[in-house]
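# Here is my input, please return the structure:
(one chain, ligands or ions: 1)
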Amino acid sequence: MQIKPRARALAIPSAVVAVLIFLASCASTGVSEGGINLISADQEWSTREEMHAQVQREMRLVNDRSALDYLNTVGRRIAAQTPLGNRRWDFFIVDDSAVNAFNLPGGLVYVNSGLIAEADSLDELAGALAHEIGHGAARHGTQLMTRAYGYNLLASLALGRNPSQAQQIVAQLLGTGVLTSYSRSAERDADRLGVNYAYCAGYDPHGLETFLQELEGLRRSRPSKVQQFFSDHPLTEERVRNVDAEIARLPRHASLTHDTRNFQQFRSRFR
Ligand SMILES: [Zn+2]
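Numbers count the residues shown, from 1 in each chain. Have a look, this model is predicted:
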């Protein structure tokens, strides 16, 4: 009879400690901006409308309000964990059965309906979103654009002096796949950041790992579904190993979300 209250008294501090460790590890998730980037985050966010307008011209987007609300709730919860979390992030669904996703500068993330259909649980979708958010937070897109187009062109673009040029650039970026052909180290960064952001948002970070493993399986059973994904994201086995090692560094946290009924309802619209 005396043991119970004592056990209870011990349980509370250990939970507090767990939360403190969790908060400490989340606060320290930094972005190392390795590559040269001549574009500021402000400039990115000032061109996002142009960028998105061009995507709308090039791709068919899903116009399902409640599905988009759901996706944005999950996506923004993860984006809020990044150093750019105080800015506006928007998440869109591309009507395309291939499994793929991409990020554009200024907090824009696009997910194919085919990716949603293949994500078995909420943490897998969260992992894929978190990877793209990782690219966005590290600003890999404008790093690539800096390399490809130089400062003058991008500065005039950011100042809105030449909107038709902005459209042209985005069209080119989408067409040639420049924005999805990130370097190996950029992909590794996006995975590392993604694991941390998903975890800090309260999603089980194993989702990214199991999703990558599933895509590897699809490569054998339905290769056309994942062809684009693997040309943009090679070296899956190495990625799985790295993701696994990154997860192992995180303190265990009991209340991470693996799946929900809401997610399964959302996903069923795309199957
Ligand atoms: Zn990537």
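
# can you pull the buried residues of stretch 244-263?
Across stretch 244-263, burial judged by 16 or more other C-beta atoms under 10 Å covers Glu246, Ile247, Leu250, His253, Leu256, Thr257, Asp259, Phe263. (Glycine included, C-beta is placed from N, CA and C.)

# mind showing which ranges of the protein have poor pLDDT?
Low-confidence regions of the chain, defined by pLDDT under 70, span residues 1-25, 27-34, 150-180, 234.

# any chance you could map the strands in it?
For the chain, strands defined by DSSP state E occupy the ranges 90-94, 101-104, 108-112.

# Next, count neighbours for Tyr199.
30 (other C-beta atoms under 10 Å).

# dump the residue contacts of the nearest residue to it once chain neighbours are set aside.
Excluding the flanking residues, the one nearest Tyr199 by C-beta to C-beta, 6 or more residues apart in numbering is Pro205, at 4.3 Å. If you count contacts by C-beta atoms under 8 Å, 6 or more residues apart in numbering, Pro205 has them with Asp123, Gly127, Val195, Asn196, Ala198, Tyr199, Val243, Glu246, Ile247, Leu250, Leu256.

# how about the second one, what does it touch?
So the one you mean is Gly127. Residues in contact with Gly127 (C-beta under 8 Å, 6+ apart) are Gly194, Val195, Ala198, Tyr203, Pro205, Gly207, Leu208, Glu209, Thr210, Phe211.

# Was I right to think the third one contacts Leu125?
No. Checked against C-beta atoms under 8 Å, the pair Ala198 and Leu125 is beyond contact range at 9.9 Å.

# Now for those two: what residues contact both?
Shared contacts of Ala198 and Leu125 (C-beta under 8 Å, 6+ apart): Gly207.

# Who has more neighbours out of the two?
A direct count of neighbours by other C-beta under 10 Å for Ala198 and Leu125 places Ala198 higher, at 32 against 28.

# picking that back up, as JSON lines, the contacts of Pro205 with distance to the ion would be great.
Converted to JSON lines, the contacts of Pro205 look like this (distance: C-beta to the ion, whole Å):
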{"residue": "Asp123", "distance to the ion": "18"}
{"residue": "Gly127", "distance to the ion": "12"}
{"residue": "Val195", "distance to the ion": "13"}
{"residue": "Asn196", "distance to the ion": "15"}
{"residue": "Ala198", "distance to the ion": "14"}
{"residue": "Tyr199", "distance to the ion": "18"}
{"residue": "Val243", "distance to the ion": "12"}
{"residue": "Glu246", "distance to the ion": "15"}
{"residue": "Ile247", "distance to the ion": "18"}
{"residue": "Leu250", "distance to the ion": "21"}
{"residue": "Leu256", "distance to the ion": "23"}
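
# what's the burial count for the nearest residue to Ala126 once chain neighbours are set aside?
Among residues not flanking Ala126 along the chain, Tyr203 sits closest, at 3.9 Å (C-beta to C-beta, 6+ apart). By other C-beta under 10 Å, 27 other residues sit near Tyr203.

# Would you enumerate the residues in contact with Tyr203?
For Tyr203, counting by C-beta under 8 Å, 6+ apart, the contacting residues are Ile78, Leu122, Asp123, Ala126, Gly127, Ala130, Leu256, Thr257.

# before we move on, the earlier item: quick check, nearest of the contacts of Gly127 to Leu115?
Phe211 (8.8 Å; C-beta to C-beta).

# So that closest one versus the ion, what's the distance?
As for Phe211, its distance to the ion is 13 Å (criterion: C-beta to the ion, to the nearest Å).

# Pretty sure that residue sits against Ala128.
Yes. Counting by C-beta under 8 Å, Phe211 does reach Ala128; the two are 5.9 Å apart.

# Common neighbours of the two, please.
Ala119.

# returning to that earlier point: what is the nearest of the contacts of Pro205 to Gly114?
Gly127 (16.0 Å).

# Nothing else from me, thank you.
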